[in-house]
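Enquirer: from the sequence below, what's the structure:
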Amino acid sequence: DFCRRMAGSDMNKRALENLIRAGAFDSTGARRSQLIQIYEKVLDAAAARQRQNLEGQLDFFGMSQSRGQAAEDVHLPDIPEFTAQERMTMEKETTGLYLSGHPMDAYRDIVRRLRVPQIGKVLEDFNQENGPTRFADGQYLTLAGVVTSSKTKTTKNNSLMAYVVVEDETGSIEMLCFSRTLDVCGPYLRENQAVVVKGKLSVRDEKAPQLMCDSAYPLETAEGGLPARLPAAKEDKLVKGETLYLKFPSLDHPAVRHLKLVFTMFPGDAQVKMVMADTRKVYGTRAMLHRALIEEAKETLGAENVAVK
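Expert: Okay, here's the model as predicted:
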């Protein structure tokens, strides 16, 4: 009925398939899996009937003649429906939203036991007129959600980083994942994977909060408690030296706060000396001399302002 009424319009097979995948015909009682199997035949039959009408071929002499398969003769195959997860994935791909449920529904008990905050609550806290009251820039946080997008990027120093969006039923947050995190947890950051993630909150100017991710694990593995921090780095990922020297324009420069967050992702015993160009003052901390850390520092400050000795 739908295809017949839409005949002659801009309705095409791709649009019809997307409507099926989004659940637009669920009210008919037919399974999406069944409709996916037959929609091309039904649309072709409806288009053929429209052409016959326009050409005046349905007359007293031609009405009784068979002119291809009629839409009413296309029967639904007896096949199982897509799983709930598959249906939700289809909805997200076609509309940008989960409509019949949310992938996190299956993990509510685990999330409740982990006692992690809802992503929407974090975002709301930073949107208050008087400023956040529960969460803060630089706070170490654990969140749970489904990966909805993941885009990798090669930095100027040829290291890999990724922008990953994690979503629960209340909201979504973007994570920045650097080379070390991707080395260990990259396979878990694929789309539609339910994960528990840990990292530092980063809030810049008017931007929405981001999470500087230092670990991510499948949510189903967190049954017995939160996963540990990242395992020790492999030897070939470490840079030889005892001290990392960094030169900043000034103490209030945004690069200082950014690299302080990065340092928390690379805990270690090597000395880090931060020199301020305007005052010549030196500040110290400690971190692991990991290649990804050095590459991130070079990209942030420029290679000429980074040295390991």
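Enquirer: ok, Ala22 touching Tyr98?
Expert: No. Using CB atoms under 8 Å, Ala22 is not in contact with Tyr98; the gap is 10.8 Å. C-beta coordinates here come from the backbone N, C-alpha and C atoms, glycine included.
Enquirer: what sits in contact with each of these two?
Expert: Glu91 (CB atoms under 8 Å, 6 or more residues apart in numbering).
Enquirer: got phi/psi on Lys281?
Expert: Per-residue torsions, Lys281: phi -80, psi 150 (degrees, to the nearest 10).
Enquirer: the protein: strands as residue ranges?
Expert: Counting by DSSP state E, the chain has strands at residues 140-154, 160-167, 172-177, 194-202, 210-218, 243-248, 270-276, 282-287, 306-308.
Enquirer: pull the CA atoms of stretch 271-283 into PDB?
Expert: This file holds the C-alpha atoms of stretch 271-283, laid out as PDB (Å, rounded to 0.1, in the frame of the first residue of the first chain):
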ATOM      1  CA  GLN A 271      62.000  13.700  36.200                       C
ATOM      2  CA  VAL A 272      60.200  16.400  34.200                       C
ATOM      3  CA  LYS A 273      61.400  20.000  34.400                       C
ATOM      4  CA  MET A 274      59.200  22.700  33.100                       C
ATOM      5  CA  VAL A 275      60.900  25.900  32.300                       C
ATOM      6  CA  MET A 276      58.900  29.200  31.900                       C
ATOM      7  CA  ALA A 277      60.400  31.400  29.200                       C
ATOM      8  CA  ASP A 278      59.000  34.700  30.700                       C
ATOM      9  CA  THR A 279      60.200  34.200  34.300                       C
ATOM     10  CA  ARG A 280      62.900  31.500  33.900                       C
ATOM     11  CA  LYS A 281      61.300  29.700  36.800                       C
ATOM     12  CA  VAL A 282      61.500  25.900  36.800                       C
ATOM     13  CA  TYR A 283      58.700  23.600  38.000                       C
END
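Enquirer: start at 304 instead
Expert: Noted, 304 is the first residue going forward, which turns the last one into stretch 574-586.
Enquirer: all set, thanks.
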